[in-house]
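Q: need a 3D model of the sequence below.
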Amino acid sequence: MEWIRLKARLLEAGSVRLSGEPIDRYVSRSAAGPSAGTSGSLFFSTGARRVRVCIDEASPIEVVHRGGGEADLFIDGERVRGRLEPAALHCPRQAYITVSASCIFHCRYCPVPGLPGRRKEIAGIARMVESVADRVDAIAITSGVASSIEEEEAYVLDVVKALLPFSLPIGVSIYPGPETPAWLHALGVAEVKFNIETATPALFSEMCPGLSWEAVWEALRQSVPLFGRGRVYSNVIVGLGETDEDLERVIEGLAGIGVIPILRPLTPAASLAGRPRPSADRMLRLYDIHERILRQAGLDPGRALTMCAACTGCDLVPGRDA
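A: Just a heads-up that it's a prediction; the model follows:
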């Protein structure tokens, strides 16, 4: 099966069941995002391409671990040979760390506010990075909002300062305040990701009450002159009720200012637990639109150093999944 179609099918299904040899060292668990609080996930790779799927013993798709990371994927009557990649911290080759695994906001697709999350201490974060420093190429920092946007920003800035001695590219994705891009740039952060989350402002108001779509756009506009075209990213969730035309417009809008959109298929969770995942056919249609617009804008996710575009596990990524 062609890789991009295989990956789209896996993203549609969202999960696999496991058999074969013990697999614990290949299982990753999330403290933030839609998969927070689940039984874990794994990364299945063929060559330089990878996909991240959750573990669910009821899944119709099976991964058989043959030992030593070698694995076979059985899907739709086909067998695909590959390997399991161990996550350094959250994903392969990165120390991807959630600073505050709690949030005062209640975005409808996110389970984090309902989980007993905690904030990691800065010294503990530094120890986490040190423990994997010999097998990562980058550091990625994300966070909920534990008490206020301003307080979270200040804490994350202190986290970044503590991680500078590792001399690795650092990417940061938090909800931004007015000065967030400038302060992160002044510290030497390599890349930023501020998430507009939805394809339209009306959907944002519905999905993320209390937050500002325009404030995120303003942070993105400020970031491009600082970090450079192609070093600024924004997640856009697919499957919240938007049309393909809505997504094409927002991809064009982001690429037009030098921002690389990350199209993130919905993981049904929280108050959207009953929603369906986007179909493989829709993700493939959107991939073609996404790839065309990025190519026309001269933006290449294949150059990403950190965060989601460098990992590629959860999304179809032009320039990496072709």
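
Q: for the helix or strand containing Asp288, which outside residues touch it?
A: Using DSSP states H and E, Asp288 sits in helix 280-297. Identification of contacts with helix 280-297 by Cβ atoms under 8 Å, 6 or more residues apart in numbering yields 4-5, 8-9, 11-12, 238, 244, 247-248, 251-252, 255-256, 258, 260-261, 263, 265, 300-301, 316, 318-319, 321-322. For glycine as for every other residue, the C-beta is placed from the backbone atoms N, C-alpha and C.

Q: just the buried members of those?
A: 4, 8-9, 11-12, 238, 247-248, 251, 255, 258, 260-261, 263, 265, 300-301, 316, 318-319, 321 (16 or more other Cβ atoms under 10 Å).

Q: which of the residues you listed fall in helices?
A: Among the buried ones among the contacts of helix 280-297, the ones falling in helices (DSSP state H) are 4, 8-9, 11-12, 247-248, 251, 255.

Q: a markdown table please, covering those residues and showing pLDDT.
A: As requested, those are exported to a markdown table (pLDDT from 0 to 100):
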| residue | pLDDT |
| --- | --- |
| Ile4 | 97 |
| Ala8 | 98 |
| Arg9 | 98 |
| Leu11 | 98 |
| Glu12 | 98 |
| Leu247 | 98 |
| Glu248 | 98 |
| Ile251 | 98 |
| Ala255 | 98 |
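
Q: can you pull the buried residues of stretch 47-56?
A: For stretch 47-56, a neighbour-count test (16+ other Cβ under 10 Å) marks 49-56 as buried.

Q: closest to Glu70 out of the residues you listed?
A: Closest approach to Glu70 among the buried residues of stretch 47-56 (Cβ to Cβ): Arg50, at 14.9 Å.

Q: which stretches of this structure form helices?
A: 3-13, 122-132, 149-163, 180-187, 201-207, 213-227, 244-256, 280-297, 307-311.

Q: surely Ile149 touches Phe194?
A: No: if you go by Cβ atoms under 8 Å, Ile149 and Phe194 don't touch, sitting 12.0 Å apart.

Q: these two: who's more crowded?
A: Using other Cβ atoms under 10 Å as the criterion, Ile149 and Phe194 rank with Phe194 on top: 25 against 19.

Q: backbone phi and psi for the more buried one, please?
A: Per-residue torsions, Phe194: phi -110, psi 120 (degrees, to the nearest 10).

Q: looking at it, it is touching Val216, isn't it?
A: Yes: using Cβ under 8 Å, Phe194 is in contact with Val216, at 5.1 Å.

Q: let me see the contact set for Gly313.
A: Residues near Gly313 by Cβ under 8 Å, 6+ apart: 43, 50-52, 91-92.

Q: the residue lying closest to it once chain neighbours are set aside bridge partners, please.
A: Distance criterion Cβ to Cβ, 6 or more residues apart in numbering; nearest residue to Gly313, sequence neighbours excluded, is Arg52 at 3.2 Å. Counting by DSSP bridges, Arg52 forms beta bridges with Phe43.

Q: any chance of the contacts of Gly313 in a markdown table, plus distance to Arg135?
A: Shown next, in a markdown table, are the contacts of Gly313 (distance: Cβ to Cβ, whole Å):
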| residue | distance to Arg135 |
| --- | --- |
| Phe43 | 14 |
| Arg50 | 15 |
| Val51 | 20 |
| Arg52 | 18 |
| Cys91 | 12 |
| Pro92 | 9 |
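
Q: nearest to Met128 among the residues you listed?
A: The closest of the contacts of Gly313, once distances to Met128 are taken by Cβ to Cβ, is Cys91, at 13.7 Å.

Q: point out where the chain drops to low pLDDT.
A: Flagging of the chain using pLDDT under 70 yields the residue ranges 30-38.

Q: tell me the backbone dihedrals of the residue in it sticking out farthest from the centre, please.
A: Distance from the C-alpha centroid of the chain peaks at Gly77, with 29.4 Å (Cα atoms, centre = their mean). Phi and psi for Gly77, reported as degrees, to the nearest 10, are phi 80, psi 0.

Q: Pro276: neighbour count?
A: Pro276 has 10 neighbours, counted by other Cβ under 10 Å.

Q: could you measure from it over to Pro113?
A: According to Cβ to Cβ, to the nearest Å, Pro276 and Pro113 sit 23 Å apart.

Q: also Arg127?
A: Arg127 is 27 Å from Pro113, by Cβ to Cβ.

Q: more neighbours: these two, which one.
A: Per other Cβ under 10 Å, whichever of Arg127 and Pro113 has more neighbours is Pro113, with 15 against 11.

Q: surely that one meets Ala101?
A: No: at 10.5 Å, Pro113 does not count as touching Ala101 under the criterion of Cβ under 8 Å.
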